[in-house]
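Colleague: my questions are about this predicted structure, shown below with the sequence.
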Amino acid sequence: MDSEQLYLESAGEPERIDPVTGKQDEFVIDEDFSYSGYQITREEFFAHSREPSLTICGNRLYLNKVCFRKAPDTLRVQVLINEEEKKIVIKPCSEEKKDSVQWVTAKGSMRKILCKPAFCVQITEVTGWNLNNRHKMIGKLIRNNGERLFMFDMTSALIYPGKQELDEEGNVLKSSFSRNPVYQESWEHQFGLPVEEHERRYSINRFDGFVTISVQDHGSKQKTRPALDREELR
């Protein structure tokens, strides 16, 4: 009989068996431990190629392949915006749902969703973004009342600065983006939010306040377009 088992028996604690390994679970009792002072490190500081992501750039909105793999039977989605909390929900839905937009073609090819100028203006007003840059949000697949939903936080977007080459009429000839994101000033000198604030801010138990935003639903081919400037959008 080892020292830990003797301790468990003397303390009146039942022996703990790990359900995965089938072996005795090893632990140290520390009743003085507290989450006070700890920060939950932002996932944006790590590699996230296997996480759902949503990117908004110019007049385009697109989800990555991870979203497709997590919702393989989805052809259309609704885009829900919570302006107060600055969150976006992408809701897979059937074709008959009003305000749904095609995300995947009948042949299974993903497409970028083209947005009307009104959508771009409102997104800019809510976030203050310059849509000449690329804004990438890491999200989560959640379930609510049996529905699958992709949740994204606009306040945690990674910004990839963009550069445009314009012709004489101001149309974009070529766009390029930095490979290194720009982090928000509020993220400096911290790993993330304190545990209590993190749990409060990111707990998801209801969807009051969300509205459905219509977006343009047509092919992704497009001619050269004027650069979207933040001042012009306002």
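Modeller: In hand now; what should we look at? Numbers count the residues shown, from 1 in each chain.
Colleague: what values do phi and psi take at Gln164?
Modeller: Here is the backbone geometry of Gln164 (degrees, to the nearest 10): phi -120, psi 140.
Colleague: just checking, it touches Asn132?
Modeller: Yes - at 6.2 Å, Gln164 counts as touching Asn132 under the criterion of Cβ atoms under 8 Å. For the C-beta atoms, the positions are set from N, CA and C on the backbone; glycine is no exception.
Colleague: hmm, Met137 is touching Phe150, no?
Modeller: No - Met137 lies out of contact with Phe150 (Cβ under 8 Å); the separation is 9.8 Å.
Colleague: and for those two, which residues touch both?
Modeller: Common contact partners of Met137 and Phe150 (Cβ atoms under 8 Å, 6 or more residues apart in numbering): Leu54.
Colleague: I figured Met151 hits Val89, correct?
Modeller: Yes - with contact defined as Cβ under 8 Å, Met151 reaches Val89; the gap is 5.6 Å.
Colleague: show me what secondary structure element comes after the longest helix anywhere in the chain.
Modeller: In the chain, assigned by DSSP state H, the helix with the most residues is helix 117-127. Downstream of helix 117-127, the next assigned helix or strand under DSSP states H and E is strand 134-138.
Colleague: how far off centre is the very next helix or strand once past that next one?
Modeller: For strand 134-138, the following helix or strand on the C-terminal side (DSSP H and E) is strand 140-144. Offset of strand 140-144 from its chain centre (Cα atoms, centre = their mean, to the nearest Å): 11 Å.
Colleague: for stretch 51-63, same thing?
Modeller: How far stretch 51-63 lies from its chain's middle: 9 Å, per Cα atoms, centre = their mean.
Colleague: could you do stretch 178-189 as well?
Modeller: Stretch 178-189 has its C-alpha centroid displaced from the chain centroid by 16 Å (Cα atoms, centre = their mean).
Colleague: buried ones in it?
Modeller: For stretch 178-189, a neighbour-count test (16 or more other Cβ atoms under 10 Å) marks Pro181 as buried.
Colleague: quote the end-to-end distance of that stretch.
Modeller: The first and last residues of stretch 178-189 sit 23 Å apart, counting by Cα to Cα, to the nearest Å.
Colleague: could you list which residues are in contact with the residue nearest the centre of the chain?
Modeller: In the chain, the residue lying closest to the centroid (Cα atoms, centre = their mean) is Gly139, at 2.6 Å. By Cβ under 8 Å, 6+ apart, the residues touching Gly139 are 51-54, 90, 150-153.
Colleague: quick one: low-confidence residue ranges for the chain.
Modeller: Residues of the chain that meet the criterion pLDDT under 70 lie in 1-15, 18-20, 25-28, 173, 202-234.
Colleague: domain map for it?
Modeller: Domain segmentation of the chain under automatic domain parsing yields 1-33, 46-233.
Colleague: quick one: closest of these to Gln39.
Modeller: Checking the domains of the chain against Gln39 by Cβ to Cβ gives domain 46-233 as the closest, at 4.6 Å.
Colleague: quick one on the thing from earlier: tell me what the longest helix of the chain is packed against?
Modeller: Counting contacts by 3 or more Cβ pairs under 8 Å, 6 or more residues apart in numbering; DSSP states H and E, helix 117-127 packs against helix 230-233.
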